[in-house]
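Undergrad: Return atomic coordinates for the entry below.
(2 chains)
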Amino acid sequence: MSAPAKKKIEEQPKLHGILGEFRNPKALYDVAALTVKSGYNKFDTYSPFPIHGIDKAMNLKKSKLGWIVIGHGLVGFCGALTMMYFMAVMDYPMNISGKPFFNAPAWVPITFELTVLLSAFGAVFGMFFLNGLPKLNNPLFNVDRFKKATDDGFFICIEAEDSLFETEKVKELLKEAGATHIEEVYD
Amino acid sequence: MSHKPTITDSLEFPQNSMIPRAAFGLGFAGLIASFIGYFLQPDQFFFSYIVSFTFFAGISLSALITVMLHHITKASWGTVFKRFFEVFSSNIWVWAIFFIPVLLGMHNLYHWTHPELFDKASAEFDKILYGKSAYLNQTFFIVRQVIYFAIWGWLGHKLYKASVEMDKTSDWGMTTLMRKISAPGIPLFALSVAFAGFDWLMSLDPHWFSTMFGVYFFAINFQAFWPVMILLVFFLQRQGILKDTIKQVHIYDLGAWFFAFTVFYAYIAFSQFLLIYYANLPEETLWFYNRLEGGFEYIAYGLLIFRFALPFLLLINREAKRSRFMLGLVSVIVLVMHFLEIYWISMPANHAGDAHGLHFSWIDIATFLGLGGMFFGLFFNKFKKESMIPQNDPKMDECLSKSYHH
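TA: Sure, this is the predicted structure:
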C-alpha cells in the first residue's frame, strides 16, 4: 500500500485534460459544437441524462460495432458449417434414416445458433473493447465536482492527448463558452 | 417542453381524385374476365380465385391485428398510419361477400366435399378423411366462415367507428373503449386466423396436416402487409398526399417491422419444413414432395432466396431502411414472392385435367387484378370519407414529433 503511494509523490502528476462545467444541456450542446469547430477531437461530454442530438454536436462517427458483430456472425456461420462438415461427412459419417451425410436442412438450426451466439459475443465484448472497458479508474474521479455528473452537472473534458491541446487555449475556449467552473484534471 | 407540432398537409383525401374510380374500374374488368374464365376452365378459375382472395384478405387481417396491437400497447409509432390500418380492417366484412364464389366452388376446390369418400360401400371410400369428417364437412365449413367473418367484421368496424368518432368529438375516453375491444380481440383473432388458414389453404390437401399451419398462414400474410403499407405510402406521397405529415422516421418504422417479420416468416416457414423433413413420415412429407416437383421446386427455392435471404441482407443495414429506393425494391420483390407462395401452397392441389405441374394461367392474373382492384377501390372509397390521420388521437403529437434516436 505504501510503496505505490510513495511513488506517486515522487512522480510529476500527468495532466489528463481540462474539465469545464456548464449550467444546462443547451450550454453543453453548444460548447460541444464549438469544440468540434475549434478542431479538437479528443474530448467527451458528461451529463446526468442522455441529451438528444449531442452525438451530432460532438460530431461522433457511426459506431464500428456493427462491423465487429457481422465479422463474428460470419465466423460463427462458416465455423458451424465447417465443424459439421468435418464431423458428419469426413470424420465420422453416420447413416441417419437414409439421409445424405451433407444434410443442409438439418444443419440450419446449429448454423443459426452459432451465428447468433458469436454475434452476441461480438456485440457485448466488442462494446467493451470500443468503450475501453473494463476500466477500474478514470482520472475524472479525482475531481470532486465531477460527482455532479450523476445529479445536475453538465461537463465537458478536453483531453491532453489531443494534438491541438494547449492548457491556456482550452481554458479560454471553455471560459468564453460560459463554463461556470474550469479545472485541470490530473491522473 | 416541446411545442405542439403543426400539420401543414391537407388531411382530406382529394375528393375529385380518380384513384378510387380507377381501382374499381380495374376491379370490374378483372372480375368480368375472371367470370369468362370460369366458363372456360372452372377448376383453374376457383384455384386462381382462392389464391388472390387469400392474398387480399391477408392484408386486411394483418391490418386488423396491427390496429389492435397499437391500442393494447398504447403505441405511438404508427399513429399517422392508424387510419390506413383501420380502413383496411373495417372492410373485411365486404370480403365475406367475395368468399361466396369459394363456397360455390367448394366442390372444385376441396376434395373432401365429395360425398363418395365417406360412403363405406363406395370404392372411393377414404378412411382417413372419414375420420376427419366431423371437422371437414360442408355445413361446419360454412358455419366456421360465418364465425370468422363475424369476428373480423365486428372488430374492424367497431375500431374504425370509435376512431372516427374520436376525430370529431376529441373524446379521449374512446381510447379506453378501443383498448377494451382489442384485448379480447387479439386471442379471438389468433384462433380465427389459424383456423381460417386450415380451412382455406390447408384443407386443399385434406390428407395432410401441419400443426404449425395456422401461424405459418399468419406469418406469410403479416410479412406481406408491411410492403403493402410502404408502397401505398410512397404512392400517396407521390401524389402529394400527406407529404410532410408522414416523415422518414415513420417510414423507417414500417421498414423495421418489415425486416423483423421477414425473419419471423423465415423462422416459421423453415421450422414447418424442417420438422416434416426430419421426421420423414409419408403422410406429412407428401405435401412437400408435391411442392418440390413439376416446376414448383423453383418457387420453393425462390422463396428461400427472394423472400428471406435477399430481403434480410438488403434490409439489415439501418441506412437501407431509410432509403426509399431500397425499401421499394424489397417490397416489390416480397409481394411477388408472397403471391407465388400462396400459389405454391394452393395450386399443386389442383389435380383436375392436365393441370399437373407448374403452369400459370391468364385467369391467375384476371382474378388478381379483379380482386385487387375491388380491394383498393373499397379502401380508397372509405379512406376519402374521413380525415386521413386520426387527428385528435392523444398519441398524435408524440407521433408527429418523433425523431431518430440516432
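Undergrad: Please make it C-alpha for all contacts and neighbour counts, starting now.
TA: Noted.
Undergrad: For the residue in chain B that chain A sits nearest to, pull up the helix or strand it's in.
TA: Chain B approaches chain A most closely through residue B:274 (6.4 Å), counting by CA to the nearest CA. Secondary structure assignment for residue B:274, by DSSP states H and E: helix B:248-279.
Undergrad: Which strands or helices does that helix pack on?
TA: Applying 3 or more CA pairs under 8 Å, 6 or more residues apart in numbering or on different chains; DSSP states H and E, one finds that helix B:248-279 contacts helix A:104-130, helix B:213-238, helix B:282-290, helix B:310-315.
Undergrad: circling back to that earlier point, excluding sequence neighbours, find me the nearest residue to the residue of chain B closest to chain A.
TA: residue A:105 (6.4 Å; CA to CA, 6 or more residues apart in numbering or on different chains).
Undergrad: residues near that neighbour, how many?
TA: Other residues lying near residue A:105 total 14 when counted by other CA atoms under 10 Å in any protein chain shown.
Undergrad: got a list of what residue 161 touches?
TA: Just going to use chain A. A:16, A:17, A:42 (CA atoms under 8 Å, 6 or more residues apart in numbering or on different chains).
Undergrad: Apply 10 Å and report the result again.
TA: Neighbouring residues of residue A:161 by CA atoms under 10 Å, 6 or more residues apart in numbering or on different chains: A:15, A:16, A:17, A:41, A:42, A:43.
Undergrad: Now the buried members of these.
TA: A:16, A:17, A:41, A:42, A:43 (16 or more other CA atoms under 10 Å in any protein chain shown).
Undergrad: Spell out which two among those are the most distant pair, please.
TA: By the measure CA to CA, A:16 and A:41 form the most distant pair in the buried ones among the contacts of residue A:161, at 14.7 Å.
Undergrad: Contact residues of the stretch 201-350 of chain B facing chain A?
TA: B:267, B:270, B:271, B:273, B:274, B:275, B:277, B:278, B:279, B:280, B:317 (CA under 10 Å from any CA of the partner chain).
Undergrad: Adding pLDDT, write those residues out as a markdown table.
TA: What follows is those, written out as a markdown table (pLDDT from 0 to 100):
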| residue | pLDDT |
| --- | --- |
| B:267 | 95 |
| B:270 | 95 |
| B:271 | 94 |
| B:273 | 94 |
| B:274 | 94 |
| B:275 | 94 |
| B:277 | 92 |
| B:278 | 90 |
| B:279 | 90 |
| B:280 | 88 |
| B:317 | 87 |
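Undergrad: what's the most distant pair in those residues?
TA: Among these, the pair separated by the greatest distance (CA to CA) is B:280 and B:317, at 37.8 Å.
Undergrad: of the two, who's got more company?
TA: Ranked by neighbour count (other CA under 10 Å), residue B:280 and residue B:317 place residue B:280 first, with 14 against 11.
Undergrad: Ramachandran angles for that one?
TA: Torsion angles at residue B:280 (phi, psi; degrees, to the nearest 10) stand at phi 60, psi 40.
Undergrad: residues contacting it?
TA: A:97, A:99, B:274, B:286.
Undergrad: just residue B:261 next, same as before
TA: By CA under 10 Å, 6+ apart, the neighbours of residue B:261 are B:219, B:220, B:221, B:222, B:223, B:224, B:225, B:226, B:255, B:267, B:308.
Undergrad: interface residues of chain A facing chain B?
TA: Counting by CA under 10 Å from any CA, chain A sits next to chain B at A:52-56, A:62, A:66, A:96-97, A:99, A:105-109.
Undergrad: Tell me where chain B is predicted with low confidence.
TA: Flagging of chain B using pLDDT under 70 yields the residue ranges B:1-4, B:351-356, B:404-406.
Undergrad: Among the contacts of residue A:161, name the ones in strands.
TA: The strands, defined by DSSP state E, take in A:15, A:16, A:17, A:43 from the contacts of residue A:161.
Undergrad: one step back: could the helices and strands packed on helix B:248-279 be laid out in CSV, adding distance to residue B:197?
TA: Listed next are the helices and strands packed on helix B:248-279 as CSV, based on distance: least, CA to CA, whole Å:
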stretch, distance to residue B:197
helix A:104-130, 25
helix B:213-238, 5
helix B:282-290, 16
helix B:310-315, 25
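Undergrad: ranking these by burial, who's on top?
TA: helix B:213-238 (a mean of 21; mean count of other CA atoms under 10 Å in any protein chain shown).
Undergrad: Show me what that helix is packed against.
TA: helix B:42-72, helix B:82-90, helix B:173-200, helix B:248-279, helix B:324-346 (3 or more CA pairs under 10 Å, 6 or more residues apart in numbering or on different chains; DSSP states H and E).
Undergrad: Return the most buried member of those.
TA: helix B:82-90 (a mean of 26).
Undergrad: list the helices and strands the very next helix or strand once past that helix packs on?
TA: In the C-terminal direction, the helix or strand that comes right after helix B:82-90 (DSSP H and E) is helix B:92-97. Secondary-structure packing of helix B:92-97 (3+ CA pairs under 10 Å, 6+ apart): helix B:42-72, helix B:138-169, helix B:362-383.
Undergrad: The next helix or strand after the last one: how far from the chain's middle?
TA: Read in the C-terminal direction, the helix or strand following helix B:362-383 is helix B:396-400, with elements assigned using DSSP H and E. Centroid separation for helix B:396-400 versus its chain: 28 Å, with CA atoms, centre = their mean, to the nearest Å.
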